[in-house]
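A.B. asks: Just a sequence and a predicted model for now, questions to come.
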Amino acid sequence: MEPYEKIRQAREAKGWSQDFLAKQVGISQPAIKKIEDGSTAHSKFLPRIAALLGLDIADLDEGLARIQTGPMPERAPRIVSGVDFAVHASAQGGPGEIVMDANPIEYMARPGPLAHVRGAYGVYVTGTSMEPEFRQGDIALVNPHLPIVNDEAYIFYAEQPGSARATIKWLRRQTPDKWLATQHNPPPGNAKDFTLNRKDWQWAHRVIGKYARR
């Protein structure tokens, strides 16, 4: 399999669009298209693409692999001293849902309110169900330790936090067995106000703010 085919296959396996991958890399969608169709065989962005997609850079470009100053991480960029705030990618899941990648795709300086919060993290927003509060490409800033109170935004998880199905919604109130949630811009056929069964959606992490998309 050619290197560009491996890139396309790995991207599609994650459920990412070319545009989404391009935004994570910091280049344009046409640039990703040229890499994936083989028009651009040697790109300086291949190491970052490999890290994001969990590929071995040696399988994409042996020359770049030889000049790497250190080992490439398996799935995410290396943490730089003082820059340890993990940011996770997400992909579109079911209507109004996301699938969050458990492995950070990048690290950045910690936001002030989360400077000393162990386990705090960011998530790239996918989908439009919470627009205009959270737009696609924004980074939701999450404190997983805050108590659950009404009238705040949360990431609800249907599986262990950080590993699979999730959804960003506004919590109106809660009962012992349900989350009563709101989405600002519901997908076609979905209601603005709805409930999540707490037996299925067991975890709720509070979103304290965002970084607007770049």
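C.D. replies: Noted; the coordinates are in hand.

A.B. asks: where along the protein do the helices fall?
C.D. replies: 3-14, 18-25, 29-36, 46-53, 57-60, 62-67 (DSSP state H).

A.B. asks: Quick check: which of those is nearest to Lys192?
C.D. replies: For those, the distance to Lys192 is smallest for helix 18-25, at 25.8 Å, taking C-beta to C-beta. From N, CA and C alone the C-beta is placed, and that goes for glycine too.

A.B. asks: Can you check what pLDDT the model gives Pro132?
C.D. replies: Predicted confidence (pLDDT) for Pro132: 90.

A.B. asks: ranking the helices of the chain by mean pLDDT, which is last?
C.D. replies: helix 62-67 (a mean of 48).

A.B. asks: The closest residue to Tyr121 other than its chain neighbours bridge partners, please.
C.D. replies: Excluding its sequence neighbours, the residue lying closest to Tyr121 (C-beta to C-beta, 6 or more residues apart in numbering) is Ala86, at 4.8 Å. As for beta bridges, Ala86 partners with Tyr107 under DSSP bridges.

A.B. asks: which ones are touching Ala86?
C.D. replies: For Ala86, the contact set (C-beta atoms under 8 Å, 6 or more residues apart in numbering) comprises 104, 107, 121-122.

A.B. asks: domains of this structure?
C.D. replies: 3-67, 85-211 (automatic domain parsing).

A.B. asks: residue nearest the centroid of this structure?
C.D. replies: Most central in the chain under C-alpha atoms, centre = their mean is Ala89, positioned 1.8 Å from the mean C-alpha point.

A.B. asks: right, and that residue touches Ile98 too?
C.D. replies: No: judged on C-beta atoms under 8 Å, Ala89 makes no contact with Ile98 at a distance of 9.6 Å.

A.B. asks: Can you report how many residues neighbour Ser39?
C.D. replies: 11 (other C-beta atoms under 10 Å).

A.B. asks: just the one 3 residues further on next, same as before
C.D. replies: When neighbours are defined as other C-beta under 10 Å, His42 has 11 of them.

A.B. asks: Compute the distance between it and Ala22, please.
C.D. replies: The gap separating His42 from Ala22 is 18 Å, by C-beta to C-beta, to the nearest Å.

A.B. asks: hmm, back to that, how close does the residue nearest to Tyr121 sit to Tyr107?
C.D. replies: 6 Å.

A.B. asks: same deal with Pro30?
C.D. replies: 28 Å.

A.B. asks: the more surrounded of the two?
C.D. replies: Tyr107 (18 against 12).

A.B. asks: thought the more buried one was touching Asp84?
C.D. replies: Yes: counting by C-beta under 8 Å, Asp84 is a contact partner of Tyr107 at 5.8 Å.

A.B. asks: which stretches of the chain aren't confidently modelled?
C.D. replies: For the chain, applying pLDDT under 70 flags the ranges 61-82, 160-164, 214.

A.B. asks: Tell me which stretches of it form strands.
C.D. replies: For the chain, the strands defined by DSSP state E cover 85-88, 90-92, 98-100, 106-108, 121-124, 139-143, 152-157, 165-174, 178-182, 193-197, 203-211.

A.B. asks: and Ala31, how many residues sit next to it?
C.D. replies: For Ala31, using other C-beta under 10 Å, the count is 17.

A.B. asks: who touches it in this structure?
C.D. replies: Taking C-beta under 8 Å, 6+ apart as the test, what Ala31 contacts is 22, 40, 43, 45.
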